[in-house]
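In: pasted the sequence and its predicted model underneath.
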Amino acid sequence: MRIEYVFPQSFNPDDVDIRLQYISVSQLEKMIETGKLRMPETEELQRMSNAWNDKERSSFIESIMANLPVQLVYLDGSRTPWTVIDGLQRISSIHRFVQNKLVLNGLEYFSKECEGKSFSSIPFYLRSRIKSTNIVAYVINPGTPNAVKFNIFKRINKIGKQRNREELRNIFFQDSVSKRIAKLAESSEFLQATHKMISQKGMADRELVCRYFAFRLLLPFFGTTENMDDFLDKGMDALSSLFEDDLERETARFKTTMQRCYTVLKDIAFINLNAAKKRVNKNLFDAFSYTISKLNDNEYQSLLQQVRQFKEKYMQLFEGKGFLCERELRKTSKEAIQKRFDMMSEFVKQFI
């Protein structure tokens, strides 16, 4: 299958369309309850690299009770449901507390009245104060181009306690593609191939899946992108641009590729054999999974018939001046990455 893709247009400041809006806590709660504002599940929130603990959440709630100004938030209101660009930990803390899913601890000003209490247990005047508190929000308006919206996502994220780039991609591509990436990261095929070594914290597992699709769909364009994050952003955009049938085929191909990578290399699949500690190497994952994904069924069967010789020769690539030796595998320049892909492809061709 030949996949054609057109890169999004460059960011144009004239296309920025944002409004200032005051939203009370009561209104926020109604938006969440009616599904107008999307809130990640608790497990997803805990995976985030900037996740707050209960003491940090309590401190924020206490600031509201003390009538201290609340830092403004950024919301993407260009589509339904709305999503939180910046301020997710603050909004989720309020939501959890109002839903009696958070008990306050480590308070400074209201320790006598509220320490160890949930929302329904604190004094009425404080409950009223919280519900009537206005959150100042910048809201992206409908019609704002995707390229502009994602640029806003990235720029806002540079301030304060940041999400990592994969978390931004997960929020931005909130539709079926993000859900599909999440399911693939939890699939038995991926977990087996990566030996269950990839952390879920900060969505590192989803980033690895994203890397596969970016190279699978856009490798010829890699040299024209700014950096790896920019390349992965475009990879997710390309994936979301596929027709449903093509998306299904690519999803199935990912699982097949993971199975084949493990079948061929077993316990050393994606492992840097020179590392002191056994771990999956991203650069190795990229090059090997891409190369295997390009094999047709006949080519894969030919490789299987020589799997013992293949594995022996493969292990030698980590020795001396092989292109997977420690020094070479560490290189992350565009030229080094492209060379690694080319050499991996040439190596595998010897056995098909």
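Out: Nice, I can see it. Quick caveat, the model's predicted, so the values are computed rather than measured.
In: buried ones in whichever strand or helix holds residue 344, by neighbour count?
Out: Residue 344 is part of helix 334-349, with elements assigned from DSSP states H and E. For helix 334-349, a neighbour-count test (16 or more other C-beta atoms under 10 Å) marks 337, 340-341, 343-344, 347-348 as buried. Backbone N, C-alpha and C define where each C-beta goes, glycine included.
In: how is the chain divided into domains?
Out: Split into domains by automatic domain parsing, the chain comes to 13-162, 179-349.
In: which of the ones you listed sits closest to residue 169?
Out: domain 179-349 (5.1 Å; C-beta to C-beta).
In: ok now that closest one, how far from the chain's centre?
Out: Domain 179-349 sits 17 Å away from the centroid of its parent chain (C-alpha atoms, centre = their mean, to the nearest Å).
In: swap in stretch 144-156?
Out: What separates the centre of stretch 144-156 from the centre of its chain is 16 Å, taken as C-alpha atoms, centre = their mean.
In: please save the CA atoms from it in CSV.
Out: Written as CSV, here are the backbone C-alpha positions of stretch 144-156 (Å, rounded to 0.1, in the frame of the first residue of the first chain):
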residue,chain,number,x,y,z
THR,A,144,-8.6,27.4,14.1
PRO,A,145,-6.3,25.3,11.9
ASN,A,146,-4.8,22.2,13.4
ALA,A,147,-1.3,23.5,12.7
VAL,A,148,-2.0,26.6,14.7
LYS,A,149,-3.7,24.7,17.5
PHE,A,150,-0.8,22.3,18.0
ASN,A,151,1.7,25.2,17.9
ILE,A,152,-0.4,26.7,20.8
PHE,A,153,-0.3,23.4,22.6
LYS,A,154,3.5,23.2,22.4
ARG,A,155,4.2,26.9,23.3
ILE,A,156,1.9,26.9,26.3
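In: how about it: buried residues?
Out: 144-145, 147-154, 156.
In: tell me which two in those residues are the farthest apart.
Out: For the buried residues of stretch 144-156, the farthest-apart pair by C-beta to C-beta is 145 and 156; their separation is 16.6 Å.
In: which residue ranges of the stretch 201-350 of the chain form strands?
Out: Read by DSSP state E, counting those that start in this stretch, the stretch 201-350 of the chain holds no strands at all.
In: quick one, helices of it?
Out: With helices called from DSSP state H, counting those that start in this stretch, the stretch 201-350 of the chain shows them at 204-218, 228-240, 244-265, 282-293, 297-305, 307-316, 326-329, 334-349.
In: worst mean pLDDT among these?
Out: Mean pLDDT is lowest for helix 228-240 among the helices of the stretch 201-350 of the chain, at a mean of 86.
In: and that one, what does it pack against?
Out: Identification of packing neighbours for helix 228-240 by 3 or more C-beta pairs under 8 Å, 6 or more residues apart in numbering; DSSP states H and E yields helix 165-172, helix 176-185, helix 204-218.
In: now the domains of the chain as TSV including distance to residue 169?
Out: Below are the domains of the chain laid out as TSV (distance: least, C-beta to C-beta, whole Å):
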stretch	distance to residue 169
domain 13-162	9
domain 179-349	5
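In: give me the element the most far-flung residue of the chain relative to its centre is part of.
Out: What lies farthest from the middle of the chain is residue 112; by C-alpha atoms, centre = their mean that is 41.2 Å. Using DSSP H and E, residue 112 falls within helix 111-114.
In: before we move on, the earlier item: CSV please, covering the buried residues of stretch 144-156 and showing distance to residue 106, secondary structure and pLDDT.
Out: Shown next, in CSV, are those (distance: C-beta to C-beta, whole Å; DSSP: H, G, I helix; E, B strand; the rest coil; pLDDT from 0 to 100):
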residue, distance to residue 106, secondary structure, pLDDT
144, 40, coil, 81
145, 44, coil, 77
147, 43, helix, 69
148, 40, helix, 75
149, 37, helix, 74
150, 37, helix, 72
151, 38, helix, 74
152, 34, helix, 75
153, 32, helix, 72
154, 33, helix, 70
156, 28, helix, 69
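In: quick check, nearest of these to residue 96?
Out: Distances from residue 96 to those, taken by C-beta to C-beta, are shortest for residue 156, at 22.9 Å.
In: and residue 90, that one's in a helix?
Out: Yes. Under DSSP: H, G, I helix; E, B strand; the rest coil, residue 90 falls within a helix.
In: now the phi/psi pair for the residue nearest to it when sequence neighbours are not counted, please.
Out: What sits nearest to residue 90 in space, not counting adjacent residues and going by C-beta to C-beta, 6 or more residues apart in numbering, is residue 60, at 6.0 Å. Backbone torsions for residue 60, taken as degrees, to the nearest 10, come to phi -70, psi -40.
In: helix, strand or coil for residue 84?
Out: With three-state DSSP as the criterion, residue 84 reads strand.
In: and for it, the neighbour number?
Out: For residue 84, the count of nearby residues is 20 (other C-beta atoms under 10 Å).
In: in stretch 190-205, what counts as buried?
Out: Neighbour counts over stretch 190-205 (16+ other C-beta under 10 Å) mark 190, 192-195, 198, 202-205 as buried.
In: what's the closest of those to residue 254?
Out: Set against residue 254, the nearest of the buried residues of stretch 190-205 by C-beta to C-beta is residue 190 (7.9 Å).
In: report the secondary structure element holding that closest one.
Out: Element membership for residue 190 (DSSP H and E) is helix 188-193.
In: give me the contact list for that helix.
Out: 184, 205, 209, 254-256, 258-259, 261-262, 269-270 (C-beta atoms under 8 Å, 6 or more residues apart in numbering).
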